[in-house]
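**Student:** Have a look; sequence and predicted model below, questions after that.
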Amino acid sequence: MKVTPLNQIHRQLGARMVDFGGWDMPVQYSGVIAEHLAVRSAAGLFDVSHMGEIEVSGPHAFDFLQYAMTNDVSNLETGQVQYTALCYETGGVVDDLTLYRFAADRFLLCVNASNSDKDFAWLQDLHKKTEYSDLSLINRSEEYAQLALQGPVAAKILAKLTTTDLPAITFYHFVEGTVAGVDTIISRTGYTGEDGFELYCPAEDGAKLWQELMVAGQPLGLEPIGLGARDTLRLEKAYALYGHEITADIMPLEARLAWITKLKKGDFVGRDAMIMAKEAGLARKQVALTLMTSGVPRDGYPVFCEGREVGYVTSGTMSPSLKKGIALALVETAVANSDQLLEIGIRKRRIPAERTALPFVK
Amino acid sequence: MDFPEGLKYTEDHEWVLVENDIATIGITDFAQDQLGDVVFVELPEVGDTVEVGKTFGVVESVKAVSDVYAPVSGEVVEVNEELPDEPEALNNSPYEAGWMAKIKLTDTAALDGLMDVVAYQEFVAKD
């Protein structure tokens, strides 16, 4: 199994480790609910070193990425981050990712761990099919450790360890600086819906950065956070997770990701299929649901409308903030657009579920 | 980890307290620790008949759904009505506030197949 540079630290902290797509990762330390609430009320530190990093550079890097990505890279300035996706010709999703622009001709893609190799191979194939000879694609996944420092006091903690002007880094922007003497890409991004940072540093410095952050943060309530709470935190904010809300068989347009799908920017991979599907009328649409009685919706559970199965849950959990079952589901468009009562099938029961304005937790 | 004496244990990590012909059942400290934060509990209804080895309840943590198998056969005579509203009792007090149901035994022979505390601790150590 693959390990991050922080594996030993997780074990020393007594984390429960799980196989997460081939990575030996902490699913929880003190407990999912306590960790979740720590991030909402103070701050949490996540090891996300399993995420992949792919560098794309060269005179044609922009043109190549504009063709590969669903979002409009021309809106991405140096020092800015953009949430975007790679799609197949069918319009289904290869992966969702954040795209960093370091210079006019140099970008870094932060991709899902379990898709990292697939993404790199996909980009290499795409490179071969395009005319952009002057392009460099490098998989730098093993060179980086990545930590996410998230929560309302994240900036206060980070400020103790850096001279970088943190208030100057606005949401979805980044700078290169040092944190605790470690060269770090400081990115004001995250997957929790709280203020916070994603910090990229050389793999060999990952353990030092973690330890320094924990020492600086503990007086302010910083806790180590596992993948369990990472999932409940992102779901309360309705952030998509690859393999759930988006897959090779689900288009971004079906998953409330029209905002990263710029059909008018010019040609890109998957665009034709998306336009055709849109003109024909998308068959499915994502809805957000909150259970009206107790229960825990989970991915794969069927969704019913007037006794008929009309879709399925893509992600569900018990929201630690709301103490209610919450779910994202993919259902027939007509049903999604109606106000008919929906029910989620949980084992032998069908639990009524209210349509919910997103995010679940404001 | 807490392993009270005087209880019987199953390989599915349930405990059984037998008093006359009534068996009180729940999940063990080891089980709750493995599950993590319990957020939902489904119990049988009073009057239901349960059969040893068959599902008689469900315990859900944030991450997973786990069936609870009846360690004995009999009729459900009482369930812990407070548990569905306070599922965290399974984490905080698995042997007391977290009890799940009381079953009137139809056949006490099944109890012979259960482990005592020493055997259960050995079983957990090997698990």
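**Tutor:** Received the coordinates, thanks. Numbers count the residues shown, from 1 in each chain, chains lettered A, B, ... in the order given.
**Student:** From here on, just use CA atoms for contacts and neighbour counts.
**Tutor:** Noted.
**Student:** what pLDDT does the closest residue to residue B:55 other than its chain neighbours get?
**Tutor:** Excluding its sequence neighbours, the residue lying closest to residue B:55 (CA to CA, 6 or more residues apart in numbering or on different chains) is residue B:69, at 4.3 Å. pLDDT recorded at residue B:69 is 95.
**Student:** Isn't residue B:69 up against residue B:44?
**Tutor:** No - here residue B:69 does not reach residue B:44: they are 11.3 Å apart, not a contact under CA atoms under 8 Å.
**Student:** quick one: contacts for residue 106?
**Tutor:** Just so you know, I chose chain A. A:55, A:56, A:57, A:58, A:61 (CA atoms under 8 Å, 6 or more residues apart in numbering or on different chains).
**Student:** sorry, should have said chain B
**Tutor:** So residue B:106 contacts B:73, B:74, B:75 (CA under 8 Å, 6+ apart).
**Student:** One more pass at 7 Å, please.
**Tutor:** B:73, B:74 (CA atoms under 7 Å, 6 or more residues apart in numbering or on different chains).
**Student:** Torsion angles phi and psi at it?
**Tutor:** phi -90, psi -20 (degrees, to the nearest 10).
**Student:** separation between it and residue B:114?
**Tutor:** Using CA to CA, to the nearest Å, one gets 16 Å for the distance from residue B:106 to residue B:114.
**Student:** Check residue A:127 too.
**Tutor:** Residue A:127 is 63 Å from residue B:114, by CA to CA.
**Student:** One more: residue A:70?
**Tutor:** Counting by CA to CA, the gap from residue A:70 to residue B:114 is 59 Å.
**Student:** of those two, who's got more company?
**Tutor:** Between residue A:70 and residue B:114, counting by other CA atoms under 10 Å in any protein chain shown, residue A:70 is the more crowded of the two (30 against 20).
**Student:** Now for the more buried one: which residues touch it?
**Tutor:** Contacts of residue A:70 by CA under 7 Å, 6+ apart are A:84, A:85, A:86, A:260, A:261, A:262, A:268.
**Student:** again, 8 Å this time
**Tutor:** Per CA under 8 Å, 6+ apart, neighbours of residue A:70: A:84, A:85, A:86, A:87, A:260, A:261, A:262, A:263, A:268, A:269, A:271.
**Student:** and residue A:188, how many neighbours?
**Tutor:** Neighbour count of residue A:188, defined by other CA under 10 Å: 25.
**Student:** Quick check: chain neighbours aside, which residue is closest to residue 4?
**Tutor:** Looking at chain A here, since you left the chain open. residue A:49 (5.8 Å).
**Student:** think we crossed wires, I meant chain B
**Tutor:** Nearest to residue B:4 is residue B:117, by CA to CA, 6+ apart, at 7.0 Å.
**Student:** ok, now residue A:291?
**Tutor:** residue A:353 (4.3 Å).
**Student:** Now the one you found. Its backbone dihedrals?
**Tutor:** According to degrees, to the nearest 10, residue A:353 has phi -130, psi 130.
**Student:** what bridges to it?
**Tutor:** Counting by DSSP bridges, residue A:353 is bridged to residue A:291, residue A:342.
**Student:** so what's in contact with residue B:69 and residue B:44 at the same time?
**Tutor:** Contacts common to residue B:69 and residue B:44, judged by CA under 8 Å, 6+ apart, are B:56, B:57.
**Student:** number of nearby residues for the residue lying closest to residue A:305 once chain neighbours are set aside?
**Tutor:** Take residue A:305 and drop its neighbours on the chain: the residue closest to it by CA to CA, 6+ apart is residue A:342, 5.0 Å away. The burial count assigned to residue A:342 is 25, neighbours taken as other CA under 10 Å.
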